[in-house]
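Chemist: Take this sequence and fold it.
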Amino acid sequence: MNELAPKDACDLLDADHIAVKHLFVEYARLAMAAPAAAADREPLARRICSELTVHAQIEEEIFYPALREVVDDPSLLDEAEAEHQQAKDLIAQIEAAPPGPAKDDLVSELARAIEHHVKEERDDLFPKARTSLDLDALGAQLRERQQELEGAAA
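Modeler: Next comes the predicted model:
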């Protein structure tokens, strides 16, 4: 997702959050400007889904397990993982939907779900990670796995 390699795990994940937020904004702008040109938004919808899929996978494989070892309230991570499942369900629906208003609605719903999830990560999970984990080492692991997954998807 990001060309520059942020220093630590939280910075890397947040750079992904910002990048996908920009994609959602661009999708919404295109949907408002030319609603009839739904097929033109297809590549953007695919990119959103692809980037979120990789992002969720690196969080689930590396970030969440590391955080689970140091947090005293596992319900925060349980909720984050449930939100990931909701996002995966929406991504599957978006990928299966034909271009048009229904797909636009699904992308909009995904954008709202991701915005909520990002806020919780920033407010609840990242502060715990910053006080408990070696974020530089974790960031390197996340970056390496993200590059593997992006290479496999290309």
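Chemist: Show me where the chain has its strands.
Modeler: In the chain, no segments count as strands under DSSP state E.
Chemist: for it, what's the longest helix?
Modeler: helix 9-33 (DSSP state H).
Chemist: what's the first-to-last distance across stretch 96-104?
Modeler: 13 Å (CA to CA, to the nearest Å).
Chemist: What are the buried residues along it?
Modeler: Of the residues in stretch 96-104, 97, 103-104 count as buried by neighbour count, 16 or more other CB atoms under 10 Å. For the C-beta atoms, the positions are set from N, CA and C on the backbone; glycine is no exception.
Chemist: residues in contact with that stretch?
Modeler: 31, 35, 38-39, 41-42, 45, 94, 106 (CB atoms under 8 Å, 6 or more residues apart in numbering).
Chemist: Now the buried members of those.
Modeler: Judged by 16+ other CB under 10 Å, buried ones among those: 31, 38, 41, 45, 94, 106.
Chemist: Out of those residues, which one has the weakest pLDDT?
Modeler: Minimum pLDDT for the buried ones among the contacts of stretch 96-104 is recorded at Ala38 (90).
Chemist: Relative to Lys7, how far out is the residue nearest to it when sequence neighbours are not counted?
Modeler: In space, and not counting its chain neighbours, Ala38 is closest to Pro99: 3.6 Å by CB to CB, 6 or more residues apart in numbering. From Pro99 across to Lys7, the span is 39 Å (CB to CB, to the nearest Å).
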